[in-house]
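Engineer: Mind folding the following:
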Amino acid sequence: MLKLHFKDSRQAPIWLVEDRFTLGQDKRNNLVLADAGISAFHAEIRQDNGLYYISDCDSELGTFVNDERIASRYQLRSGDCLRLGEVELQLTDPGKVAPRAEAGQRWFLQVIQGEHEGKKFHVSGSMTFGRSVKCELCFSDAQLSRRHCEFFLRDEVLEVKDLASANGVQVNGEKTAAAVLKPGDQVRMGSVVLLVIGPKVEAQEAPADENEDATVFVRAVDLPKPQARPRPANGAAPTVNPLRAAAQAQAAPAPAAKSAGSALGVGLALAVLLVIAGAAAAFLL
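Structural biologist: Model (predicted):
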């Protein structure tokens, strides 16, 4: 819950417990301010689902948040400074102990297609988008509704909500009624495309240990088994070695020649014996 402090400490801080809290010179306001430059009903603060929004009630000198003049439904956060006329107020949230994020947590919307292409808008609180001149992000695209959608921050996270527009809202090509946005997202309304620029998110995965062994072990059962050479069947002829067969073929003529020589010798011996026998027979006659 937010608490409203006077910077000049003129009175005690005020808790914003009402759903609608009005400020101005009229005595019917929740906070009556009789200072110069304050209109009868200068501004109002409303609660909506735990969020606070301030709207200017057509005051003469305007309502400022962090030195920026606002119109309607500007989202308030702890640490914001309000200025109405010469009165300065500050909002705090005693329930939150964490300090408000600084420039590193800022969000932007950059036009990458359509009217105002290249322009970058700083998202500060709640900002309405549409054709109405009362929208903080005013575009004249005929495909847009007067109040097309709303960009707002919830716990430093940017969200978008479709305000019942005719042509809807697309985030990264998908139509949505409401979405949490991340840096790099593209939001399309009509022919206008906005690029979301926000704080960088650090990687959650821890880096690998330099000393960690990167060797990959494979189980023996996963390795392919060597295939055994097939054995010849019983009774089958053994495989012939081609080199041995060639050597045997070259040596084969030698025994044949030896056999022929032996036969020739036997024939000559028989012839000699016949000649001797013939001579002996003639001598006896």
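Engineer: residues in contact with the residue nearest to residue 51 when sequence neighbours are not counted?
Structural biologist: If the residues on either side of it in the chain are set aside, residue 51 comes closest to residue 75, at 6.1 Å by CB to CB, 6 or more residues apart in numbering. C-betas here are computed from N, CA, C, even on glycine. Residue 75 sits next to 51-53, 125-126, 152-153 when contact means CB atoms under 8 Å, 6 or more residues apart in numbering.
Engineer: in the sheet, who's paired with residue 75?
Structural biologist: residue 53 (DSSP bridges).
Engineer: Could you check how far it is from residue 82?
Structural biologist: Residue 75 sits 13 Å away from residue 82, going by CB to CB, to the nearest Å.
Engineer: Ok, residue 169 next?
Structural biologist: 30 Å.
Engineer: And residue 178, by the same measure?
Structural biologist: Counting by CB to CB - residue 178 and residue 82 are separated by 28 Å.
Engineer: about what we covered before: closest to residue 5 among the contacts of residue 75?
Structural biologist: Comparing the contacts of residue 75 against residue 5 with CB to CB places residue 52 closest, at 14.5 Å.
Engineer: for the protein, which spans come out with low pLDDT?
Structural biologist: 96-105, 200-273, 275-285 (pLDDT under 70).
Engineer: Could you list the domains of it?
Structural biologist: 3-92, 105-197 (automatic domain parsing).
Engineer: Residue 274: what secondary structure?
Structural biologist: helix (DSSP: H, G, I helix; E, B strand; the rest coil).
Engineer: Tell me what residue 195 is bridged to.
Structural biologist: residue 110, residue 186.
Engineer: hang on, isn't it packed against residue 188?
Structural biologist: No. At 10.7 Å, residue 195 does not count as touching residue 188 under the criterion of CB atoms under 8 Å.
Engineer: between these two, which one's more packed in?
Structural biologist: Taking other CB atoms under 10 Å, residue 195 and residue 188 do not tie; residue 188 has more neighbours (19 against 16).
Engineer: ok, the more buried one - contacts?
Structural biologist: Per CB under 8 Å, 6+ apart, neighbours of residue 188: 169-171, 173, 194.
Engineer: mind listing which of these are in helices?
Structural biologist: Among the contacts of residue 188, no residue falls in helices (DSSP state H).
Engineer: Can you measure across stretch 126-137, start residue to end residue?
Structural biologist: By CA to CA, to the nearest Å, the extent of stretch 126-137 from end to end equals 11 Å.
Engineer: Helices along the stretch 101-250 of the chain, start to end?
Structural biologist: 242-251 (DSSP state H, counting those that start in this stretch).
Engineer: Once you drop chain neighbours, what's closest to residue 170?
Structural biologist: In space, residue 170 is closest to residue 188, 4.2 Å off (CB to CB, 6+ apart).
Engineer: Near residue 41, how many other residues are there?
Structural biologist: Quick note: residue 41 (other CB under 10 Å) scores 16 neighbours.
Engineer: Where does the closest residue to residue 80 other than its chain neighbours fall, secondary structure wise?
Structural biologist: Take residue 80 and drop its neighbours on the chain: the residue closest to it by CB to CB, 6+ apart is residue 91, 4.8 Å away. Using DSSP states H and E, the element containing residue 91 is strand 87-92.
Engineer: How many neighbouring residues does residue 12 have?
Structural biologist: The burial count for residue 12: 8, using other CB under 10 Å.
Engineer: got it, and the one 5 residues further on?
Structural biologist: The local packing of residue 17 (other CB under 10 Å) involves 11 other residues.
Engineer: can you check residue 9 too?
Structural biologist: 8.
Engineer: Which residue comes closest to residue 130 once chain neighbours are left out?
Structural biologist: Using CB to CB, 6+ apart, the closest residue to residue 130 is residue 148 (3.9 Å).
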